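In: got a sequence here, can you model it:
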Amino acid sequence: MAFRSIAARSAALCRRAMATEASGNTFPLTFGSPYNAIHNESPVKQVDLPSTTGHFGILPQHVPTIAILVPGTVSIHTESGDVQKYFVSSGTATIHADSSVQILAEEICAVADIDENAVRAGLEAAQGKLSSASTEADKAAAQIEIDVYQSMMAA
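Out: Numbers count the residues shown, from 1 in each chain. Presented below is the predicted three-dimensional model:
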């Protein structure tokens, strides 16, 4: 009985709500890595990103969320209507109650700057590492490399 009472109160406190402080059809985006800043509170219309729970889009007044990024493409729809595409290796995305969004990535590369031949060569090398790996740690490291290179190829 006590558990039900606590659970009912917790559910009321943890209720999901839309961000209420956003105005208009844009929201401020901060997007960067330890090496460079792509956006610093820039107004954007939409952001699409890859996360551990799948790809999802962010629009103004999105539900506050924290997401873990997986290797893939982040698409940013700017205020002018342009779409900027970046490959990220990993990171986090935080959608705040005021509708601002912060994306912090380990590595960021403009999709247009990806060298397809270098990615293919890296993928082949990683596959070789996987086939010759003798420990579970080496196998896991090689598999991570393969996943990143395959995501880059898909970008």
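In: can you name the next helix or strand after the lowest-mean-pLDDT helix or strand in the chain?
Out: Least confident helix or strand of the chain, by mean pLDDT, DSSP states H and E, is helix 2-13 with a mean of 48. Next in sequence after helix 2-13, counting helices and strands by DSSP states H and E, comes strand 27-32.
In: show residues contacting that next one.
Out: 37-44, 47, 58-60, 62, 74, 76, 86, 99-105, 108 (C-beta atoms under 8 Å, 6 or more residues apart in numbering). Yep, even glycine has a C-beta here, placed from its N, CA and C like the rest.
In: off-centre distance for that strand?
Out: Relative to the chain's own centre, strand 27-32 is displaced by 12 Å; criterion: C-alpha atoms, centre = their mean, to the nearest Å.
In: beyond that strand, next helix or strand please.
Out: strand 37-51.
In: buried set for that following strand?
Out: Neighbour-count burial for strand 37-51, counted by 16 or more other C-beta atoms under 10 Å, picks out 38-39, 44-51.
In: neighbouring strands for the helix or strand just after it, and are they parallel or not?
Out: For strand 37-51, the following helix or strand on the C-terminal side (DSSP H and E) is strand 54-58. Strands that pair with strand 54-58, judged by DSSP bridges, come out as strand 37-51 (antiparallel).
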